[in-house]
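>>> mind folding the following:
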Amino acid sequence: GDVPLTVCQELQLSGSVVVTTPSKLATADATKGIDMMTSLGVPTLAIVQNMSYFVCNNNVKHYPFGQRTTATTSHDDDDDDNGLLDGDYVAPFFEWPISTHTNTANDNGIPLAVSRPPEAQEELTVLHQLAKSVAADLLRIEHSSSSSSSSSSSSSQQRFMTHRVVFPQHHHQEEEVFDIASSHLSLKDGTLSARFFSEQGALQIELDPNRLQRIDPKTGVPNDDTNTNNNGGDDDDVVVVTSSSSRGNARPTQVERKGRYGYAIHWSDGSTVIYSMLAIAKAAGAKKQPNEPEQ
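Sure thing, here's the model as predicted:
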């Protein structure tokens, strides 16, 4: 929706925690949310399934809404319902019980993590595991640039690399992979320069403004008509605001970071276009890393 889209564009978010319920409808909404966050460069750090189960007096777990570990982001109806994915990598999954302790905490306005009643050990254990997992992932994200190549190739590390690209025309080493989430765009004396970073080093490329104006600001695919208010009609597409019908001779006048998603470029004709990091990388000649899923 508009609110998460704006938040992701205006704030530098390190990650998100998705809360859902066992129902298929809620799972579908959560999957769309994960897809949107991933496209905006925000990795999913954890998934919490609320009202997942309850424990009866015989100390047996019951799943009244079904024991569903959710859907996938592949949108393939043939996929089974056994793992809510962030891209190709499974995010940590936590079950939150139907709990009178949670209800009491809500009514009293005192979170369980603060009151910590002895009888709510099951709920407190889930909170502890969730906090520990998210904290560990945030630490990995913060120090990902200095991590070893062996750790960065692991499944847990790759979850945080929203898009991996290569620049075959600039590097003879095809294995040098750039994570575009850390890309930087600057404007000096009318020249747009993009900087991309890998574990081996960095690359700076001057961008052609005319090429930028001929691509889709979200996907980077060549587009004959970039003077539009919506790139494709989906709710989470990037909105492009223009005030002039002619863009041919427009020059960039200002760039503005939009969270982890990308940059807004203000043009001399009065238009403002928000480009994703992926679109900027493609304008610089980048190609998706082999086996990298298309968004």
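
>>> quick one: low-confidence parts of this structure?
For the chain, the stretches flagged by pLDDT under 70 are 1, 68-90, 144-162, 170-175, 224-248, 290-295.

>>> at 80 instead, please
Applying pLDDT under 80 to the chain flags residues 1-12, 35-41, 67-90, 141-164, 169-175, 181, 223-249, 259-261, 289-295.

>>> max-length helix in it?
Ordering each helix of the chain by length in residues (DSSP state H) puts helix 121-142 first.

>>> got the buried residues for that one?
Buried residues in helix 121-142, counted by 16 or more other CB atoms under 10 Å: 123-124, 126-127, 130, 133-134, 137, 140-141. From N, CA and C alone the C-beta is placed, and that goes for glycine too.

>>> also stretch 257-275?
Buried residues in stretch 257-275, counted by 16+ other CB under 10 Å: 258-267, 269, 271-275.

>>> follow-up on the earlier one: ok now the longest helix of the chain, how far from the chain's centre?
On the basis of CA atoms, centre = their mean, to the nearest Å, helix 121-142 sits 19 Å off its chain's mean C-alpha point.

>>> repeat for stretch 34-48
When C-alpha coordinates are averaged (CA atoms, centre = their mean), stretch 34-48 and its chain have centres 4 Å apart.

>>> ends of it, what's the gap?
Start-to-end span of stretch 34-48 (CA to CA, to the nearest Å) is 13 Å.

>>> quick one: residues contacting the closest residue to R164 other than its chain neighbours.
Excluding its sequence neighbours, the residue lying closest to R164 (CB to CB, 6 or more residues apart in numbering) is Q289, at 4.1 Å. Neighbouring residues of Q289 by CB atoms under 8 Å, 6 or more residues apart in numbering: 164-166, 177.

>>> among those, which ones are in strands?
Among these, DSSP state E puts 164-166 in strands.

>>> mind giving me the ChimeraX command for buried ones among those residues?
The buried residues among the ones in strands among the contacts of Q289 can be selected in ChimeraX (16+ other CB under 10 Å) with this line:
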select :164,165,166
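
>>> can you redo the ones in strands among the contacts of Q289 as a markdown table with distance to N106?
Formatted as a markdown table, the ones in strands among the contacts of Q289 follow (distance: CB to CB, whole Å):
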| residue | distance to N106 |
| --- | --- |
| R164 | 42 |
| V165 | 45 |
| V166 | 49 |
